[in-house]
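Trainee: fold the following and give me the result.
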Amino acid sequence: QVQLVESGGGLVQAGGSLRLSCAASGSIGSINVMSWYRQPPGKQRELVASMSTGGSTNYADSVKGRFTISRDNAKNTVNLQMNSLKPEDTAVYYCTYHNVPRTRTYWGQGTQVTVSS
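Mentor: Down below sits the predicted model:
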């Protein structure tokens, strides 16, 4: 089992910045991927960014150049630095974890990010 605890959401004006953090604990594998997903109001959940223990990253086109994912493998934490926020970034953001090879994906409880225009 893996537990994920997110922090850092909140309300920010358009153009502002927020930093989300997620700490993983439990049965952490040596090779894994930690990601951020989001679910805007009334829409489907979507991948925002992911990062492997080896440092490989993947970003949604909508956040490239604005968001940066980083992680500390020793502390089992992942962060999402969000700059130049837009109202369309408003969503519940979820941290996820899965081992490689993937057997199961674990989800955090979610943190609300609201960007006002």
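Trainee: quick one: residues contacting the spatially most distant residue from the centre of the chain.
Mentor: Most distant from the centre of the chain: Ser117, at 22.6 Å, with distances by C-alpha atoms, centre = their mean. Under the criterion of C-beta atoms under 8 Å, 6 or more residues apart in numbering, the contact list for Ser117 reads 14, 87. To be clear about C-beta, it is placed using only N, CA and C from the backbone, and glycine gets the same treatment.
Trainee: and it, how far from Gln3?
Mentor: 35 Å (C-beta to C-beta, to the nearest Å).
Trainee: wouldn't Gly10 be in contact with Ser116 here?
Mentor: No: shown here, Gly10 and Ser116 do not form a contact pair, counting by C-beta atoms under 8 Å, at 11.1 Å.
Trainee: run through who's touching the one helix or strand Val33 maps to.
Mentor: Under the assignment given by DSSP states H and E, the secondary-structure element containing Val33 is strand 32-39. With C-beta under 8 Å, 6+ apart as the contact definition, strand 32-39 has outside contacts at 20, 22, 24, 45-53, 69, 71, 78, 80, 89, 91-100, 102, 110, 113.
Trainee: could you list every helix and strand that the helix or strand following it packs against?
Mentor: Stepping forward along the backbone from strand 32-39, the first helix or strand reached (DSSP H and E) is strand 46-52. In terms of contacts (3 or more C-beta pairs under 8 Å, 6 or more residues apart in numbering; DSSP states H and E), strand 46-52 is packed against strand 32-39, strand 57-59, strand 67-72, strand 77-82.
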